[in-house]
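Chemist: Based on what follows, work out the 3D shape:
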Amino acid sequence: GEITAKELKVPDIDLDFSNESCSDVLRWMYEQYGENRVASIGKFGTNKTKGTIRDMCKVLGISLEEADRIAKSFDNYELDEIFSMINGDIPKENAALDAIKYVGLYSELFDYVKKLNGLPKSFGLHACGKIISTRNLDEFLPSCYDSTGVRFLQGDMHDIEEVGLVKVDILGLRTLDQEYDTLEMSNESKDFLDPKQNYNDKKVLDIFRNGDTVGIFQFSSHGMKQTLKKMNISGIDDLSIANALFRPGSMRYIDNFCKRRNGEESFEYLHPDLEPILKNTYGIIVFQEQLIEIGRLAKIHNPDLLRKATGKKNPKLLAQVKPELEEKLKKRGWTQNQFDTLWNQMLEFAKYSFNKSHAAAYAIIAYMTAKQKAYYPAEFYAGLCNSYIGKSSFVKDNADEKNTDLEDHGIKTVTGKEQWSTSTIDRILSNEKYIGRNITPKTHTPDFLIGKQEENQGQIDTVIIENSHQAIISQEMFEAVQNLKGNIKNKEMNINGICF
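Modeler: Numbering: from 1, shown residues only. A predicted model of the protein is given here:
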């Protein structure tokens with residue numbers, strides 16, 4: 001039959017802005033639509049599997065050591081998943097055998113955990129969820145206010161969905177701050193990052209092909225670098241696929257994908273029905289949309305339910321959708337073995353599945369940051385470090401890798417501890433592009449000092465100093481640095497920001 005209005009769910013809207021812009025966006029929303037039609041939403045804190053296990057172990061007198069072992073066996077699984085394996089609804093996995101063993105050994109413990117797990121334990125303000133309504137929000141749900149006066153509805157995302165409202169997530173993305181900052185320093189117009197541009201610039205694609213992705217959004221991990229080299233990226237579609245493949249659920253298929261793409265491995269589709277759906281990904285399920293397409297192919301009642309059931313491992317949804325999918329596919333000539341293989345692949349993939357639109361948006365952002373790195377490496381690094389002000393872990397994590405990358409891109413570094421003196425600043429100003437490390441102003445030891453000299457002007461546009469021992473802006477040190485300007489003859493230095 002047809003899908004009823006109750007079954008139709010409008011998806012959430014996720015909007016990413018720079019961290020600096022989020023407050024302006026929220027202010028605009030209130031001014032545009034009115035305070036009676038815009039509000040935050042609430043969020044229930046619930047009992048989680050591992051926390052509930054530890055709490056109940058205390059009540060039942062189970063030792064802390066044993067409680068820790070039991071809880072750790074659930075590191076990668078939720079309670080419902082383990083019980084689904086025990087009941088035979090989904091295949092058992094080797095990594096889950098310890099958890100399954102403990103469920104058998106401590107039946108009383110898990111009777112309580114099963115009853116308590118998932119129940120609400122607290123209620124508060126959702127960090128980024130907002131509502132924009134066409135009517136006064138008091139007509140839908142009661143409201144309350146947090147300690148700062150922010151209004152939020154007394155219901156979570158599921159409650160607002162039930163009354164017909166749509167959640168809008170206003171998210172602050174650090175990489176966008178980085179991009180805007182780099183754009184300003186490079187004196188480029190916004191057209192440089194036009195999303196409608198062609199994504200075939202060889203200089204930019206070489207950044208990905210060579211695994212030169214230190215500082216690139218979503219693509220900087222070691223494993224991802226190896227994946228990019230194997231894939232030989234040719235455009236934005238490849239970046240989308242790489243972003244989606246590099247997830248725990250589908251990571252095992254990376255080598256197969258690359259070999260099939262390069263003609264080094266032959267493959268057959270599980271069933272001819274899957275060829276139009278999986279052709280672009282060489283027979284491998286990569287995107288959530290492909291699950292929905294399989295549901296459409298089988299003409300099940302609600303294809304999107306297939307995505308929800310497998311992704312959330314919801315036993316009720318699984319029980320509802322599996323028999324229908326099996327019946328409909330068998331009518332199309334599928335064998336039992338073919339269906340079982342497909343079902344297990346979908347369950348494995350859906351653990352960390354990615355939707356294509358999300359992957360494509362992330363790929364575009366990654367391409368933009370790579371473009372800035374390719375054409376303006378010093379400004380790129382200055383913008384990157386600017387976006388991490390106050391987070392000293394950025395400096396400490398993989399410092400050798402960052403230093404090597406700086407050298408590879410011709411950005412000069414200064415090693416060792418020196419006094420931050422006139423001679424040091426002269427050295428900065430004498431370099432066209434400069435990033436200094438471990439320069440010591442008086443008694444402080446900054447990890448990074450970044451500067452860019454304007455041609456023939458001797459100006460430093462941006463100075464960033466990260467120090468793991470302090471995470472505050474030092475007004476005294478700022479003034480001390482400003483005073484050093486007077487010691488530099490015939491040169492002008494502008495310092496826009498310092499963080500110690």
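Chemist: Send me the one helix or strand Lys121 maps to as CSV with only the CA atoms.
Modeler: Following DSSP states H and E, one finds Lys121 within strand 120-132. This file holds the C-alpha atoms of strand 120-132, laid out as CSV (Å, rounded to 0.1, in the frame of the first residue of the first chain):
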residue,chain,number,x,y,z
PRO,A,120,16.2,8.9,30.6
LYS,A,121,18.5,10.0,33.4
SER,A,122,18.7,13.8,32.7
PHE,A,123,17.3,16.5,30.6
GLY,A,124,18.9,19.7,29.3
LEU,A,125,19.7,21.9,26.3
HIS,A,126,20.6,20.4,23.0
ALA,A,127,24.0,21.8,21.9
CYS,A,128,23.0,22.8,18.3
GLY,A,129,19.4,21.7,17.6
LYS,A,130,17.0,24.5,16.7
ILE,A,131,13.4,24.9,15.6
ILE,A,132,11.9,27.4,13.2
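Chemist: Distance from it to the middle of the chain?
Modeler: 20 Å (CA atoms, centre = their mean, to the nearest Å).
Chemist: And for stretch 128-137?
Modeler: A distance of 25 Å separates the centroid of the chain from that of stretch 128-137, by CA atoms, centre = their mean.
Chemist: picking that back up, which strands and helices sit next to the strand holding Lys121?
Modeler: Packing partners of strand 120-132 (3 or more CB pairs under 8 Å, 6 or more residues apart in numbering; DSSP states H and E): helix 19-33, strand 38-46, strand 151-153, helix 157-162, strand 167-172. C-beta here means a position set from N, CA and C on the backbone, and glycine is covered the same way.
Chemist: after it comes which helix or strand?
Modeler: Toward the C-terminal end, the helix or strand that comes next after strand 120-132 (DSSP H and E) is strand 143-145.
Chemist: shaky segments in this protein?
Modeler: Scanning the chain for pLDDT under 70 picks out 1-8, 248-249, 310-315, 351-352, 389-399, 412-500.
Chemist: Show me the strands in it, by range?
Modeler: Assigned strands in the chain, in chain order: 13-17, 38-46, 120-132, 143-145, 151-153, 167-172, 418-419, 433-437, 439-440, 448-452 (criterion: DSSP state E).
Chemist: can you put those strands in TSV and add mean neighbour count and distance to Tyr106?
Modeler: Compiled in TSV, the strands of the chain are given as follows (neighbours: other CB atoms under 10 Å; distance: least, CB to CB, whole Å):
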stretch	mean neighbour count	distance to Tyr106
strand 13-17	14	40
strand 38-46	19	22
strand 120-132	16	22
strand 143-145	14	40
strand 151-153	21	39
strand 167-172	17	38
strand 418-419	13	61
strand 433-437	21	53
strand 439-440	20	57
strand 448-452	24	51
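Chemist: of all the ones you listed, which lies closest to Glu265?
Modeler: Checking the strands of the chain against Glu265 by CB to CB gives strand 13-17 as the closest, at 35.8 Å.
Chemist: surely Thr201 meets Ala370?
Modeler: Small correction: residue 201 is Asp, not Thr. No - in this structure, Asp201 sits apart from Ala370 without contact. The criterion is CB atoms under 8 Å, and the distance is 9.2 Å.
Chemist: Have a look at the two and say which one is more surrounded.
Modeler: When Asp201 is set against Ala370 and neighbours are counted by other CB atoms under 10 Å, the residue ahead is Ala370, at 25 against 15.
Chemist: quick one: contacts for the residue lying closest to the more buried one once chain neighbours are set aside?
Modeler: Computed as CB to CB, 6 or more residues apart in numbering, the closest residue to Ala370 that is not its neighbour in sequence is Ile207, at 4.3 Å. By CB atoms under 8 Å, 6 or more residues apart in numbering, the residues touching Ile207 are 213, 216, 370, 373-374.
Chemist: out of the residues you listed, who's nearest Ser234?
Modeler: Nearest to Ser234 out of the contacts of Ile207 is Ala370 (CB to CB; 14.1 Å).
Chemist: Tell me the spacing between the closest one and Gln218.
Modeler: For Ala370, the distance to Gln218 (CB to CB, to the nearest Å) stands at 11 Å.
Chemist: What distance do you get for the residue nearest to the spatial centre of the chain to Ile236?
Modeler: What sits nearest the mean C-alpha location of the chain, by CA atoms, centre = their mean, is Gln218, with 7.2 Å. Between Gln218 and Ile236 the distance, using CB to CB, works out to 13 Å.
Chemist: Regarding this protein, what is its longest helix?
Modeler: The residue-count maximum for a helix in the chain (DSSP state H) belongs to helix 356-375.
Chemist: on contacts alone, who are the packing partners of that one?
Modeler: Judged by 3+ CB pairs under 8 Å, 6+ apart, the packing partners of helix 356-375 are helix 174-185, helix 202-209, helix 236-245, helix 377-386.
Chemist: Distance to Asn337 for these - can I get that in a markdown table?
Modeler: As requested, those are exported to a markdown table (distance: least, CB to CB, whole Å):
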| stretch | distance to Asn337 |
| --- | --- |
| helix 174-185 | 45 |
| helix 202-209 | 39 |
| helix 236-245 | 26 |
| helix 377-386 | 51 |
